[in-house]
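**Student:** Got a predicted structure plus its sequence, pasted below:
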Amino acid sequence: MDGKEESLSQQFGEIYLVMASAGQVRANHYHLRTSEWFTLVMGRAVLRMEDPQTGEQKEMLLDAAVPQTVFVPAGIGHAFKNPEDSGSDMMLIAYADRQYEPTDTIALKVL
């Protein structure tokens, strides 16, 4: 992240790390009000995003060897899967423009 990310909020929420073992899925939810930015810093991951209103999906393969920051706006479901054949853990750093609120997180089976 360099501060020039797409739609970067002027409001600060939180920064956190997410880890997953081979075959493990993390997230599988969307937020009503929170937008997030994700950068994979270790391993590989499949990111699937879904618009719960239209069912439209987008899938990306992320690799820490070629880092990129992905913007996920509020209202878009997202899930990260560490591929079964990865042979190693994956880790990503996440930035949210709001502090965590349980009522803002809606479970959604994306992956």
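**Tutor:** Cool, got the structure.
**Student:** Does residue 88 touch residue 43 like I think?
**Tutor:** Yes. At 5.2 Å, residue 88 counts as touching residue 43 under the criterion of CB atoms under 8 Å. Using the backbone N, CA and C atoms, a C-beta is placed for each residue, glycine as well.
**Student:** of the two, who's got more company?
**Tutor:** residue 43 (22 against 12; other CB atoms under 10 Å).
**Student:** which non-adjacent residue is nearest the more buried one?
**Tutor:** residue 90 (3.3 Å; CB to CB, 6 or more residues apart in numbering).
**Student:** Identify all residues paired with the one you found through a beta bridge.
**Tutor:** residue 20 (DSSP bridges).
**Student:** now the one 4 residues further on
**Tutor:** Partner residues in beta bridges with residue 94, using DSSP bridges, are residue 16, residue 38.
**Student:** That one: what's it in contact with?
**Tutor:** 15-18, 36-38 (CB atoms under 8 Å, 6 or more residues apart in numbering).
**Student:** mind listing the strands for this protein?
**Tutor:** Counting by DSSP state E, the segments of the chain that form strands are 14-20, 25-31, 36-42, 44-50, 57-63, 69-72, 77-81, 90-96, 105-107.
**Student:** can you list those in TSV and add mean pLDDT?
**Tutor:** Below are the strands of the chain laid out as TSV (pLDDT from 0 to 100):
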stretch	mean pLDDT
strand 14-20	96
strand 25-31	97
strand 36-42	97
strand 44-50	98
strand 57-63	97
strand 69-72	96
strand 77-81	98
strand 90-96	97
strand 105-107	97
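**Student:** Name only those of the contacts of residue 94 that count as buried.
**Tutor:** 36-38 (16 or more other CB atoms under 10 Å).
**Student:** who's in contact with the residue positioned nearest the centre of the chain?
**Tutor:** With distances taken as CA atoms, centre = their mean, the residue of the chain nearest its centroid is residue 38 (5.1 Å). Residues counted as contacts of residue 38 (CB under 8 Å, 6+ apart) are 47, 69-70, 72, 78, 80, 92-95.
**Student:** and residue 109, how many neighbours?
**Tutor:** Every residue meeting other CB under 10 Å relative to residue 109 is counted, giving 10.
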